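# What follows is a predicted protein model with its sequence.
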Amino acid sequence: MRNLRNSIIVLLLLLTAVACGNRTPQPKPRGYFRIDMPEKQYVTLDTLPRYSFEYPVYATITPDFYSLDEKDWVNVEFPQFKGTIHISYKNVNHNLSEYVEDAYRMITKHIAKATGIRDSVVIDRDRKVFGLVYSLEGEGVASPLQFYLTDSTQHFMRGSLYFNIYPNNDSMQPVIKFISDDVIHLINTLEWK
């Protein structure tokens, strides 16, 4: 009887050791740094001859150094986020369809990496601002936000948001949303001259 009891105790100890001893290590989910967003405040860019708009105080306006001949092309830079909205401008002279097609072509370059493209129509008859805003979703999309605006007779503006980092839009989503709100504010305050 004592032998049986000792055998049961040894068997239970062996089962306990085997059941608890070989745990497969589980990887921890990838963590990202916390991103503190600044308070929303805006100032007016009114130094350009063709248009004006409000942009955030935590951004800076710089000329487009790659297109110095284009005086109405600017960059809205977000140094804290390493992001830039590149804004280009063209006069419309019976060639609006060409500019719209070019903007569409720029969007389609991202289709290979995009998991989805949402567009929002912009119509403001009082200010004569019409256009589309494209939100491009997907981890490897280089430009998660693009837009074009026009009055359909004289002015055409195109903008695209790029980050100076390897695109990982899943982790950048809070920043993309934050800057997207600034783009909507820019659109809502755009005035043609």
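That came in fine, so what should we check first?
# what number of residues lie near residue 192?
Using other Cβ atoms under 10 Å, residue 192 has 16 other residues around it. All C-beta atoms are positioned from the backbone trio N, CA, C, and that covers glycine.
# scratch that, residue 92 is what I was asking about
16.
# Wait, it touches residue 156, no?
Yes - counting by Cβ atoms under 8 Å, residue 92 touches residue 156, with 5.2 Å between them.
# list residues touching both of the two?
99, 150 (Cβ atoms under 8 Å, 6 or more residues apart in numbering).
# show me what contacts residue 182?
Contact analysis of residue 182 by Cβ under 8 Å, 6+ apart lists 40, 55, 56, 59.
# Over to residue 102?
Residue 102 neighbours (Cβ under 8 Å, 6+ apart): residue 158.
# Give me the number of neighbouring residues for residue 147.
Using other Cβ under 10 Å, residue 147 is surrounded by 25 other residues.
# Mind listing what's buried along stretch 176-193?
Across stretch 176-193, burial judged by 16 or more other Cβ atoms under 10 Å covers 176, 178, 179, 180, 182, 183, 185, 186, 187, 189, 190, 192.
# What is the nearest of these to residue 44?
Relative to residue 44, the closest of the buried residues of stretch 176-193 is residue 189; by Cβ to Cβ it sits at 7.6 Å.
# OK, contacts around that closest one?
42, 44, 52, 53, 54.
# Who wins on neighbours among those residues?
Most neighbours among the contacts of residue 189, by other Cβ under 10 Å: residue 53, with 21 neighbours.
# Name the SS class of it, please.
In three-state terms, and counting by DSSP: H, G, I helix; E, B strand; the rest coil, residue 53 is strand.
# That one and residue 184 touch, don't they?
No - using Cβ under 8 Å, residue 53 is not in contact with residue 184, being 11.3 Å away.
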